[in-house]
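> here is a sequence with its predicted model. Questions after.
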Amino acid sequence: MAHIIFTPSPVMLPGLMQELESYASQEGQVIIHGVCRANEIPIFIRIWPTTYLFDQHSSHISELVHFEKISAFPAWTEVKSHLDFGFTLVFTGLPKSCVSFDLQEVIPQVNGFYVASITRNKTDVYFLDFSDGLQTKERKVMTEVFFISFPTTSPLQHQSPHNKTY
């Protein structure tokens, strides 16, 4: 399962972190810095436009508005074996009342990005490690054909670990 990185060690250009934090506080956006780590076998990752932040205590949903260094569906980004790969996701702002939220990729197949119960911070800049959920056969080998059947319910329905549907 993916988890929150509490003491990140990002590798980025000097000054970029301060610029992003300033941008988030001025624009009311949420910035997620993600990392994926491939073990012995390369993995392939991508982001779907149906990736959202769900406020755990209201019906608010923040939408993905921008991403860097990761491919959008239907393309794939390869993460070579034994390497860490970083990317950035930018979402619309969360309400001031939000104290915790879930990040969920709402997709019609297995292994979407999901991190539950992210505690809100003052800067709305977060560092998440998605590696644990990516080392499955479906993520390692992307040569098989996926038969996709879209759900009949709204794509914005979200089942939280608290059994609350948004």
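All right, it came through fine. Here the structure is a predicted model, which means the values were calculated and not measured.
> hey, let's count contacts and neighbours off CA atoms from now on
Fine.
> please enumerate the strands of the protein.
With DSSP state E as the criterion, the chain has strands at 3-4, 30-37, 43-45, 51-55, 61-68, 77-79, 84-91, 100-105, 114-119, 125-129.
> so which of the ones you listed is the most packed in?
Comparing those by mean neighbour count (mean count of other CA atoms under 10 Å), strand 51-55 comes out on top with a mean of 24.
> hey, which helix or strand in this protein has the poorest pLDDT?
Ranked by mean pLDDT, DSSP states H and E, the helix or strand of the chain with the weakest confidence is helix 137-140, at a mean of 36.
> wait, isn't Thr88 in contact with Leu64?
No. Thr88 is beyond contact range of Leu64, at 10.8 Å (criterion: CA atoms under 8 Å).
> can you pull the contacts of Pro74?
Each residue near Pro74 by CA atoms under 8 Å, 6 or more residues apart in numbering is listed here: Arg46.
> quick one: it and Leu64, what's the gap?
16 Å (CA to CA, to the nearest Å).
> show me what the residue nearest to Ser131 when sequence neighbours are not counted bridges to in the sheet.
Nearest residue to Ser131 in three dimensions, chain neighbours excluded: Cys36, at 4.5 Å (CA to CA, 6 or more residues apart in numbering). Cys36 has the following beta-bridge partners by DSSP bridges: Phe85.
> go ahead and confirm Cys36 touches Asp84.
Yes. If you go by CA under 8 Å, Cys36 and Asp84 touch, sitting 5.7 Å apart.
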